[in-house]
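**Q** no sequence on hand, only this structure:
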Ligand code: ADP
């Protein structure tokens, strides 16, 4: 419940609406509390004393109160629903924003499905509660307090007796509330797992089919689905046990009033109207008491949702700009590694072991090495996607941890082997980092990336939509679009992480030529499988098992025995056969 209490901060900007909702609430409660009093007078003055005129007055009064109550109820429902929508809107934005700023290491461990279910399901259950449950709960509290005060004021003894069954009732429902909150946390957790499974299978559909693992995946899905089902059924069965108990306890109160109140009337200690009013109060109490279980139920669900939401919001991004950060713009682009060790949180082996490296500004660095050698890891430390476990990465002589993150990252362009393109037009994809780019600039970078010609052959050219609702591009085409996107940022440091692996050799040569013209004055890191892609580099690194095992120019490395020369001869042999 403490997670729910934290939501008060989210309500602060809307204090006016909160006030309106609360005022409406007080009005409605007062109206409901006054009705049993009128009924008492109807019985005692109207019926018992035969005052016909009062009967008419009372009817009009009740009608007036009813109308007022209807108007206030509308106001209350409207403002509370409005509040709920706004709080949910703010929360979703905050969550999304926060998730975007969480570091790569967090995303390595977090399940996408869980994050998605937090931004959708959990926010929705909170919204449901904030829009309906919370106000209802407040109203219930006010109503209960009002009814108890009025009952005790009128007949302390009878009130004490009639309220006795309410004690176990409150105990039962609050215990239920605590239990149900834990259960809902489990339900939400299972829901998150379920969406992770669905997501993996939709994205990985080709892999599942290729390995004929549909049955296995179905079984896995079934297990997650069953867990969710079990958790939900437990909630429902708990609830079905609490509901009749609370009803029974309310009935007990009514019986007590009829018995003791009735006897008091016969003895002349109470009027008939007073017993009727008393019964009215117990009914007023009884209705919300029965609702209490339902409300506590939805409160429990909301509390679980809030807990899951705050779990994400409370995770501080490990990678953040320091207070007085370095903001050099434009940077020169000199990069240095000082005894850098790195290990992924999920691994037991180091991915990088003691990397020492000096790259002057504007140099071209080629990186070669077997899969898993640590090539991507090495370049990912430059824009600070991860921080080294030991040692430091410097850009322009400053530790990247001292840089302002945005200043650093905006000047580093990265093109990955399997780049992500967004489901929008090619033009917007290329201009992703600079939405204000002119048509000429976009075409210039597309030409350099050897993408312009194939784009122009598409029916809608730069307006072609890619992704789910558009065309499917080949791996090489995607890589070229991603390259154009990176070039448009005019980065001071360009990182091509196996970025032309799916492009044919001839196109790659054209890209290399265009890049050389384009990249004059940029530090460039090129990770490649083909030696031809990096032969022109000023510095070539050969990486193996997280270490730099060879370093030099193409000519120097060819002159010495080692992995580089072996790879060269192997690939030269391949080429002459091809
Ligand atoms: P390369 O780019 O040379 O193929 P990587 O830098 O991708 O090598 O990987 C180096 C090692 O780190 C490998 O053992 C790989 O399995 C591991 N690794 C890479 N990325 C991650 C990650 N996000 N989480 C955990 N381990 C990773």
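**A** All right, it came through fine. These numbers were taken from a predicted model, which means no experiment stands behind them.

**Q** which strands or helices does the helix or strand hosting residue 445 pack on?
**A** Using DSSP states H and E, residue 445 sits in helix 439-448. Identification of packing neighbours for helix 439-448 by 3 or more Cβ pairs under 8 Å, 6 or more residues apart in numbering; DSSP states H and E yields helix 426-430, helix 452-457, helix 475-488, helix 505-519. C-beta here means a position set from N, CA and C on the backbone, and glycine is covered the same way.

**Q** quickly note the distance from the residue nearest in space to the middle of the chain to residue 531.
**A** Central residue of the chain (Cα atoms, centre = their mean): residue 119, 3.7 Å from the mean position. Distance, residue 119 to residue 531, by Cβ to Cβ, to the nearest Å: 46 Å.

**Q** same thing with residue 304?
**A** Taking Cβ to Cβ, one finds residue 304 at 56 Å from residue 531.

**Q** name the residue in these two with the higher neighbour count.
**A** residue 304 (25 against 22; other Cβ atoms under 10 Å).

**Q** which pLDDT value goes with the residue nearest to the centre of the chain?
**A** What the model reports as pLDDT for residue 119 is 78.

**Q** could you check the distance from it over to the ligand?
**A** 22 Å (Cβ to the nearest ligand atom, to the nearest Å).

**Q** hang on, that residue in a helix?
**A** Yes - counting by DSSP: H, G, I helix; E, B strand; the rest coil, residue 119 is found in a helix.

**Q** remind me which helix or strand the closest residue to it other than its chain neighbours belongs to.
**A** Excluding the flanking residues, the one nearest residue 119 by Cβ to Cβ, 6 or more residues apart in numbering is residue 95, at 4.9 Å. Using DSSP H and E, residue 95 falls within helix 52-101.

**Q** ok, how many other residues are close to residue 148?
**A** Look at residue 148: counted by other Cβ under 10 Å, it has 16 neighbours.

**Q** contacts only, for the nearest residue to it once chain neighbours are set aside.
**A** With Cβ to Cβ, 6+ apart as the criterion, residue 148 has its nearest non-adjacent residue at 6.7 Å, and that residue is residue 163. When contacts are counted by Cβ atoms under 8 Å, 6 or more residues apart in numbering, residue 163 touches 148, 151, 253.

**Q** could you do residue 487 as well?
**A** Contacts of residue 487 by Cβ under 8 Å, 6+ apart are 413, 445, 448, 449, 494, 518.

**Q** report how many residues lie close to the residue lying closest to residue 447 once chain neighbours are set aside.
**A** Leaving aside its chain neighbours, residue 447 sits nearest to residue 514 (7.1 Å; criterion: Cβ to Cβ, 6+ apart). For residue 514, the tally of surrounding residues (other Cβ under 10 Å) stands at 17.

**Q** quick check: residue 514 touching residue 449?
**A** Yes - taking contacts as Cβ atoms under 8 Å, residue 514 lies within contact range of residue 449: 7.4 Å.

**Q** list phi and psi for residue 383.
**A** phi -80, psi 10 (degrees, to the nearest 10).

**Q** repeat that for the one 5 residues further on.
**A** Residue 388 adopts backbone torsions of phi -60, psi 150, taken as degrees, to the nearest 10.

**Q** ditto for residue 359
**A** phi -120, psi 110.

**Q** swap in the one 10 residues further on?
**A** In terms of degrees, to the nearest 10, the main-chain angles of residue 369 are phi 160, psi 160.

**Q** and for it, nearest residue in space, chain neighbours not counted?
**A** Nearest residue to residue 369, sequence neighbours excluded (Cβ to Cβ, 6+ apart): residue 543, at 3.5 Å.
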